[in-house]
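Trainee: Take this sequence and fold it.
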Amino acid sequence: MQTASHDSQILKGVLGLVLLHLIDERESYGYELVERVHRIGLTDVPDGSIYPALGRLERDGHVTSRLVPSSSGPARKYYRLSPSGRDLLAARGAAWLRLVDAVTPLFNPNGSGPTGGTP
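Mentor: Here you go, the predicted model:
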């Protein structure tokens, strides 16, 4: 039976890259990033994994944050990319695309991958 869930190990490896990309699009606060991650189709990424990933990115200097008062509750922590975050996004984004380019032909249904369609 096929489900819409994603492999948790693959998600773990790519979550930082996804967050860097979303933050590069626009400064965002934590829960907004949770919603955006879910909107792109990664609905099985638990909220509890996004906040630690943001913490690691901030601790490593790839994102900066600022607190903004909220009329609907406590202040929100907004994240934006630092210069090293932009560099990391460019490098990891390029590495991801190279990996996808290398692996995709293996799963090409017409058998035109590098193995010539034989198992």
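Trainee: List the buried residues of the particular helix or strand that has residue 102 in it.
Mentor: In this assignment (DSSP states H and E), residue 102 forms part of helix 83-103. Within helix 83-103, the residues that count as buried by 16 or more other CB atoms under 10 Å are 85, 88-89. Quick note: C-beta positions are derived from backbone N, CA and C, even for glycine.
Trainee: ok, those residues vs residue 25, which is closest?
Mentor: Of all these, residue 89 has the smallest distance to residue 25: 10.7 Å, by CB to CB.
Trainee: Return the residues in contact with that closest one.
Mentor: For residue 89, the contacting residues are 17, 20-21, 24, 81, by CB atoms under 8 Å, 6 or more residues apart in numbering.
Trainee: coming back round to it: chain center to the helix holding residue 102, what's the gap?
Mentor: 11 Å (CA atoms, centre = their mean, to the nearest Å).
Trainee: if you skip the residues just before and after it, what's nearest to the residue nearest the centre of the chain?
Mentor: In the chain, the centroid-proximal residue (CA atoms, centre = their mean) is residue 18; its distance is 1.6 Å. Using CB to CB, 6 or more residues apart in numbering and skipping the chain neighbours, the partner closest in space to residue 18 is residue 37 (6.4 Å).
Trainee: Thanks again, I'm all set now.
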